[in-house]
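# Starting from these lines, generate the structure:
(one chain, ligands or ions: 1)
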Amino acid sequence: DIVEEEVREQLEEPAKYHVFLLNDDYTPMDFVVEVLIQFFNKNSDQAAEIMLKVHYDGKAICGIYSADIAQTKVEQVNQYARDHEHPLLCRCEQV
Ligand code: TYC
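Residues are numbered from 1 along each chain as shown. Below is the predicted model of the structure:
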């Protein structure tokens, strides 16, 4: 049973994580668009669309990554927002 379980784990795809942005009332829209271009490799049209979805729906998925990359994106974006004194928040959750 243990060997079977180990083999199954090795064959499984690694867990994926949704990385998303949360809305707030203070972060400028342009800054959010810049973040989406810089950290999530979106073009300006895609970035504007995702930013507006966050603005109207409260949150939107910006990308899907393995655990390590998702966690790094979250840390980089939150640090970048803090460095620019904006309250923008990035989070991730397992798909
Ligand atoms: N709601 C912000 C505003 O009106 C814009 C915004 C969009 C903020 C997306 C955060 O993740 C965000 N300036």
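# Please identify which helix or strand holds the most centrally placed residue in the chain.
Computing the C-alpha centroid of the chain and ranking residues by Cα atoms, centre = their mean puts residue 19 first, at 2.4 Å. If you go by DSSP states H and E, residue 19 is part of strand 16-22.
# what's the residue nearest to residue 87 when sequence neighbours are not counted in contact with, if anything?
Nearest non-adjacent residue to residue 87, counting by Cβ to Cβ, 6 or more residues apart in numbering: residue 24, 4.8 Å away. Every residue, glycine included, has its C-beta placed from N, CA and C. By Cβ atoms under 8 Å, 6 or more residues apart in numbering, residue 24 lies in contact with 87-89.
# At which residues are the strands of the chain located?
16-22, 59-66, 89-94 (DSSP state E).
# give the contact list for residue 10.
Going by Cβ under 8 Å, 6+ apart, the list of residues near residue 10 is empty.
# what's the span of stretch 57-72, first residue to last?
End-to-end distance for stretch 57-72: 25 Å, by Cα to Cα, to the nearest Å.
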